[in-house]
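Visitor: build me a model from this:
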Amino acid sequence: MAASLPYTSGALLTAARWALEVRGAVAAPVSGFHHAGWDRAADFCTFNGLMVTALALRAERPGLRVGILDYDYHYGNGTDDILERVGREGIVHITAGERWHHDADPRAFLDNIHHDLQPMAHCDLVLYQAGADPHVDDPLGGFLTTQQLAMRDWRVFAGLRERGIPVAWDLAGGYQDPLAKVVGIHVNTMRAVVQVEGG
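Guide: Down below sits the predicted model:
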């Protein structure tokens, strides 16, 4: 387990480098990032690969502007903790869990996506955390149907493509049983990016 941990953050960093190179969307099939803070692991998150990736890229490419769009159901408190320590220059962070909860209006959330993308219009890259736990049947989340989650992902990928912004995306929370339900949501995320990139 310990030996594998550098590869989870490394997968997202590699996907982000590739996305910048090909100017498109690249998947990192890893999860468990946004609760890990500056000096602690928390809630299934050992290292914060979102911030590892953002800071590594900015060290490699001074002046690079990175967006972090976190659509996991839960608040990305670890990401904010690290940003408070290192500063927010060059990094835009939006975490849906700060505002959208189980009693939220799904239509309002979907309509708000273009507002969330506006602060990222000048970013050179967006890291998109595509959480499965906003699903209405998730025991730790719940206000979007399967179709609405698919629409969420399509709007994110289409909005970024329209703005010419590369995106590296990772998987995130999903706690339904059987696990096949969570896998199905992640498969729909892949379908959305294929639709956008192919069309």
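Visitor: please count neighbours and contacts with C-alpha atoms only from this point.
Guide: OK.
Visitor: can you show me the strands along the protein?
Guide: Taking DSSP state E as the criterion, the chain contains strands spanning 25-28, 66-70, 91-95, 125-131, 167-172.
Visitor: what angle sits between the third one and strand 125-131?
Guide: Right, the one you point to is strand 91-95. With axes from the mean of the first three to the mean of the last three C-alpha atoms, to 10 degrees defining the directions, strand 91-95 sits at 20 degrees from strand 125-131.
Visitor: report all helices and strands that strand 91-95 contacts.
Guide: strand 66-70 (3 or more C-alpha pairs under 8 Å, 6 or more residues apart in numbering; DSSP states H and E).
Visitor: what sits against the spatially most central residue of the chain?
Guide: Nearest to the geometric centre of the chain sits Gln129, at 1.2 Å (C-alpha atoms, centre = their mean). Taking C-alpha atoms under 8 Å, 6 or more residues apart in numbering, we find Gln129 in contact with 68-72, 169-172.
Visitor: how close does it get to Val30?
Guide: Relative to Val30, Gln129 is positioned 10 Å away (C-alpha to C-alpha, to the nearest Å).
Visitor: give me the common contacts of those two.
Guide: When C-alpha under 8 Å, 6+ apart defines a contact, the residues bordering Gln129 and Val30 alike are 170-172.
Visitor: now that we have those residues, which one has the most neighbours?
Guide: Using other C-alpha atoms under 10 Å as the neighbour test, these are led by Asp170, with 27 neighbours.
Visitor: that one contacts Leu12, correct?
Guide: Yes - between Asp170 and Leu12 there is a contact under C-alpha atoms under 8 Å: 7.0 Å.
Visitor: helices of this protein, start to end?
Guide: Ranges of helices in the chain, per DSSP state H, are 5-22, 49-60, 77-86, 106-117, 146-162, 179-198.
Visitor: using TSV, lay out those helices together with distance to Gly97, mean neighbour count and mean pLDDT.
Guide: As requested, the helices of the chain are exported to TSV (distance: least, C-alpha to C-alpha, whole Å; neighbours: other C-alpha atoms under 10 Å; pLDDT from 0 to 100):
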stretch	distance to Gly97	mean neighbour count	mean pLDDT
helix 5-22	21	18	92
helix 49-60	16	19	94
helix 77-86	9	17	89
helix 106-117	11	14	97
helix 146-162	15	20	96
helix 179-198	18	17	91
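Visitor: looking at the ones you listed, which is nearest to Asp39?
Guide: helix 77-86 (8.7 Å; C-alpha to C-alpha).
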